[in-house]
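Q: here is a sequence with its predicted model. Questions after.
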Amino acid sequence: MTQNANSTGTAKISTFVTAATYITLILALIAIGVGIAAFYENPSNSEITIWLLVIGFIALAMSGYYMFQSRKHVSSLKLETPQIQTAIDCKACNGVQTRPFKRGDYVYKEMEPCPKCNSMGMIVAIYREVKEKEKPVNV
Ligand SMILES: [Zn+2]
């Protein structure tokens, strides 16, 4: 319940962060550009140039870091493809056989060919395969 609200909230925040990251990137490039322009216009007043370059590069590094982080997050989401399994109770095999989920599968569906011996069985379960893989820890 709270998890659902949380995930939508995170999605909204990440969209906001992405927009803010692009704005920061543009402002950083403007700051660097203005800094260099100010130096060419008045080389004696290099203090402004140095400050603009420092601010620009910090902002550039921050936005680059956020972009790298969000891209890593997206790629990790793409890798996670849920594998739905259908379990068929087969009398001939005397056991439950599983195969990947197909459209039209439902629990208690009879006359379903067994994936092993092809005789008719009944779907007893449809579930998502849980991979026993360690999830990356979000810091
Ligand atoms: Zn069978």
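A: Structure received. Numbering: from 1, shown residues only.
Q: point to the helix or strand of this protein where mean pLDDT is at its lowest.
A: Lowest mean confidence among the helices and strands of the chain (mean pLDDT, DSSP states H and E): helix 2-41, at a mean of 77.
Q: I'd like the next helix or strand past that one.
A: Downstream of helix 2-41, the first helix or strand assigned by DSSP states H and E is helix 46-79.
Q: got the buried residues for that next one?
A: For helix 46-79, the neighbour count (16 or more other C-beta atoms under 10 Å) marks 49, 52-53, 56, 59-60, 63, 66-67 as buried. For every residue, glycine as well, the C-beta is placed using N, CA and C.
Q: for the ion, state which of the residues you listed is nearest.
A: Nearest to the ion among the buried residues of helix 46-79 is Met67, at 51.5 Å by C-beta to the ion.
Q: show me what from this protein comes close to the ion.
A: Residues of the chain lying near the ion by C-beta under 5 Å from the ion: 90, 92-93, 114, 116-117.
Q: got the domain boundaries for the chain?
A: Domain ranges of the chain: 2-79, 83-129, per automatic domain parsing.
Q: one step back: what about the residues of the chain next to the ion, which one has the most neighbours?
A: The most crowded member of the residues of the chain next to the ion, judged by other C-beta atoms under 10 Å, is Cys90 (22 neighbours).
Q: separation between that one and Arg103?
A: For Cys90, the distance to Arg103 equals 21 Å [C-beta to C-beta, to the nearest Å].
Q: taking the residues of the chain next to the ion, tell me the two that lie furthest apart.
A: Among these, the pair separated by the greatest distance (C-beta to C-beta) is Ala92 and Lys116, at 8.5 Å.
Q: off-centre distance for the longest strand that the chain contains?
A: If you go by DSSP state E, the chain has its longest strand at strand 120-129. Strand 120-129 sits 29 Å away from the centroid of its parent chain (C-alpha atoms, centre = their mean, to the nearest Å).
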